[in-house]
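Asker: Based on what follows, work out the 3D shape:
(chains A and B)
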Amino acid sequence: MNVIRVLIVDDHRLFRSGVRAELGDSIQVVGEAEDVETAVRAISELQPDVVLLDVHMPGGGGQEVLRRVLGSGSQVRFLALSVSDAAEDVIGVIRGGARGYVTKNISGRELTDAIRRVAEGDAVFSPRLAGFVLDAFASSEAPSIDPELDSLTQREREVLRLIARGYAYKEIAKELFISVKTVETHVSSVLRKLQLSNRHELSRWATARRLV
Amino acid sequence: MADQKTLAEPGGDAPYRRLMRPMEGRLLGGVAQGLAAQLKLDPVVIRLMFVLLSVVEGVGVVAYAVLWMISPREPYEGRPPARDWSQLAAFSAIGVALLAFGWLTGASKGGIGVLPFAVGGIGALILWQQADPERRKGWVSGATTSIRKNRARTLLGVALVVGGAAGFLVIEGRLAEAGQGLLFTAVVVGGLAVIAAPWLAGLWKELQLERRERIRQEERAEVAAMIHDSVLHTLTIIQRVAHDPREVSRLARAQERDLRNWLYQPAQDADATLAAAVRRIAAEEEDAHGVAIEVVCVGDVELDAEGRLAAMLKASRQAMVNAAKYSGSPSISVYAEVEGEEATIFVKDRGKGFDLDAVPADRMGIRESIVGRMERHGGTARVRTEPGEGTEVMLTMKVAKE
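Answerer: Numbers count the residues shown, from 1 in each chain, chains lettered A, B, ... in the order given. As a prediction, the model looks like this:
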């Protein structure tokens, strides 16, 4: 197993050192950044495998980092990390290009797993994010522009529902009689829809629903 | 009229400073400007005052000339700035209009009769300006636009008065005796209306401003009270129970939940909808047992009158209590979903699980409080568990479609 190189971007020093201490041996923290400017610079200098990105930061927050780094064609992968569970933030940062979203109360082991998954190009959905997606894609019956992108397949719905119920990928695979890899494929496909769907309701829905 | 500020400020430092005529911002000789600085009034008011007094037997003109002669010019370096001719023209127009009005009504001949009107007008002008510091600031920055607005208002007033006078002249033949009194009433009422309108508007604006400020302060007080009652309080308690990690994390979680609800959650009646009720129950059990309960809700429905969903909520509470008390799992996942005509609640833990068949049926309230209750209300309950595999309770209930 390769060691994954991680950059931690968060404006709270205490939190950065906490995460650093919690991460397992398979992960190497190559640097830290505390705002948008230092983050953008550190990413281009260090070229980490995964960036742990705080959503709320001075200078435009995580979304600004995503815009500037991904906008310049970088292939760095982002895992968003936040105390906020507001739908706006979650959906916003995913649509900004992050490959996953976890809350800061996640355990060290789970975070290590999530980082590994993002590093391998898969997506990481917390139960709450799964709930948001189900809600967002279920709520509207408005005609969609691109049916392939604007709706979830039955299987994707099942996978999301199990994530929302608190199932780990392995448990989902067992439950649905599919492989873990297939579960990952479904989640990645949902992520792609979430990022590419033009449904403006998605953003509007997130703004309207200011729930935890 | 940027100089107004610089004039007003030294005026405050030296109360007995002499009346000076500034060069910058003057329209004619700078008398009105200097006087305005001296009296801490707006030059526009002083100018209108001069115009008004000039109509009354030329008093204004004389006063202006005298003041011009006795007051020195303020030292000014460089080329004298150009006068704002458009403003001067505006004031002249007002003067001419007033003169025409005086001539038409014959009021100017009876000087004594007009004097109270002029004095009243000046008083109103000063009042207007004093009552409206906002507008004054506006004048300092955007003098010309204000003048333009003011001019429109003045012209309106003048038109009103002239119209009234013309009408009066037409019917003079019949109402010659009552005419004079009637005219003055009309003039004073019309004039006062024109003058008072901006004043009242200013008052209204100020009132609104005050109200906004009060609301803002109340909000701030509410935030302060909230932080004090909750966060500070909890932090104090946490310091005192620092030796008990379980209690510390329970307190921190309860506080976090409170704060989140306060920040993100719209004020919601926990007894009105399923999602709100599930969240509240989870919060209560989390508090009672010190185990984190993660709640995810998709869709929502109003609680029904027949109590089917209330029964389901009670069953879900029992499932949460079981998981918190017996499973040994550090966290519990609760998922509530309303889709179509069905409401589902899942309560899952990753604890030790148990052998369902080996448990005496009446233990842990599974048979009675969960399964029995759901079935009595037309719903279903399923329990999935195995030793070492955790437990999941699934509750389903039909709901009336909205």
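Asker: Now the residue in chain B positioned nearest to chain A. Nearest residue, chain neighbours left out?
Answerer: Per C-beta to the nearest C-beta, the residue of chain B with the smallest distance to chain A is B:Ser333, at 2.6 Å. Any C-beta I mention is one placed from the backbone N, CA and C, and that applies to glycine too. Leaving aside its chain neighbours, B:Ser333 sits nearest to A:Gly166 (2.6 Å; criterion: C-beta to C-beta, 6 or more residues apart in numbering or on different chains).
Asker: In a helix, the one you found, correct?
Answerer: No: going by DSSP: H, G, I helix; E, B strand; the rest coil, the assignment for A:Gly166 is coil, not a helix.
Asker: And stretch B:41-57, how far out from the chain middle?
Answerer: 37 Å (C-alpha atoms, centre = their mean, to the nearest Å).
Asker: What residues does the stretch 301-402 of chain B have near chain A?
Answerer: By C-beta under 8 Å from any C-beta of the partner chain, the residues of the stretch 301-402 of chain B that approach chain A are B:Ser333, B:Tyr335, B:Glu337, B:Glu339, B:Phe346, B:Lys348, B:Arg350, B:Glu392.
Asker: ok, what's across the strand from the fourth one?
Answerer: Right, the one you point to is B:Glu339. Using DSSP bridges, the beta-bridge partners of B:Glu339 come out as B:Glu342.
Asker: show me the contacts for it.
Answerer: A:Ala138, B:Val298, B:Gly299 (C-beta atoms under 8 Å, 6 or more residues apart in numbering or on different chains).
Asker: Return a ChimeraX selection command for the buried portion of the residues of the stretch 301-402 of chain B next to chain A.
Answerer: To isolate the buried members of these in ChimeraX, using 16 or more other C-beta atoms under 10 Å in any protein chain shown:
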select /B:333,335,337,346,348,350,392
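Asker: Domains in the chain, by residue range?
Answerer: Looking at chain A here, since you left the chain open. Domain assignment for chain A, taken from automatic domain parsing, gives A:1-121, A:125-212.
Asker: actually it's chain B I care about, not the one you picked
Answerer: B:3-214, B:270-398.
Asker: Tell me which helix or strand the residue of chain B closest to chain A sits in.
Answerer: strand B:331-339 (DSSP states H and E).
Asker: Averaged pLDDT, that strand. What do you get?
Answerer: The pLDDT scores in strand B:331-339 average 90.
Asker: same thing with stretch A:157-171?
Answerer: Stretch A:157-171 comes out at a mean pLDDT of 90.
Asker: can you pull the buried residues of that stretch?
Answerer: Buried residues in stretch A:157-171 (16+ other C-beta under 10 Å): A:157-167, A:169, A:171.
Asker: residues in contact with the residue nearest to A:Val3 when sequence neighbours are not counted?
Answerer: Spatial nearest neighbour of A:Val3, chain neighbours left out: A:Gln28 (4.9 Å); criterion: C-beta to C-beta, 6+ apart. Going by C-beta under 8 Å, 6+ apart, A:Gln28 touches A:Val3, A:Ile4, A:Arg5, A:Val6.
Asker: residues contacting the residue nearest the centre of chain A?
Answerer: Taking C-alpha atoms, centre = their mean, the centroid of chain A lies closest to A:Gly100, which sits 1.3 Å from it. For A:Gly100, the contacting residues are A:Phe78, A:Leu79, A:Ala80, A:Ala114, A:Arg117, A:Val118, A:Ala123, A:Val124, A:Phe125, A:Leu191, by C-beta under 8 Å, 6+ apart.
Asker: ok, and the most crowded of these?
Answerer: A:Ala80 (29 neighbours; other C-beta atoms under 10 Å in any protein chain shown).
Asker: Which of the three states applies to that residue?
Answerer: strand.
Asker: and it, what is it in contact with?
Answerer: Contacts of A:Ala80 (C-beta under 8 Å, 6+ apart): A:Leu53, A:Asp54, A:Val55, A:Gly62, A:Val90, A:Val93, A:Ile94, A:Ala98, A:Gly100, A:Tyr101, A:Val102.
Asker: again, but for B:Met397
Answerer: B:Arg308, B:Leu309, B:Ala311, B:Met312, B:Glu342, B:Ala343, B:Thr344, B:Met374, B:His377, B:Gly378, B:Gly379.
Asker: Can you show me the strands along the chain?
Answerer: Reading this off chain A. Per DSSP state E, chain A carries strands over the ranges A:4-9, A:27-33, A:50-54, A:77-82, A:100-103, A:124-125.
Asker: Please refer instead to chain B.
Answerer: B:292-298, B:331-339, B:342-349, B:380-385, B:391-398.
Asker: Let's have the ones you listed in CSV, adding distance to A:Glu184.
Answerer: Formatted as CSV, those follow (distance: least, C-beta to C-beta, whole Å):
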stretch, distance to A:Glu184
strand B:292-298, 20
strand B:331-339, 20
strand B:342-349, 21
strand B:380-385, 24
strand B:391-398, 22
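Asker: Please name whichever of those strands is nearest to B:Asp355.
Answerer: The closest of these to B:Asp355 is strand B:380-385. By C-beta to C-beta, the value is 7.9 Å.
Asker: partner strands of that closest one, parallel or antiparallel?
Answerer: strand B:391-398 (antiparallel).
Asker: that older thread, please tell me which one of the contacts of B:Met397 counts the most neighbours.
Answerer: B:Met312 (29 neighbours).
Asker: do you know how far the residue in chain A positioned nearest to chain B is from B:His233?
Answerer: Of all residues in chain A, A:Gly166 sits closest to chain B, at 2.6 Å by C-beta to the nearest C-beta. Distance, A:Gly166 to B:His233, by C-beta to C-beta, to the nearest Å: 32 Å.
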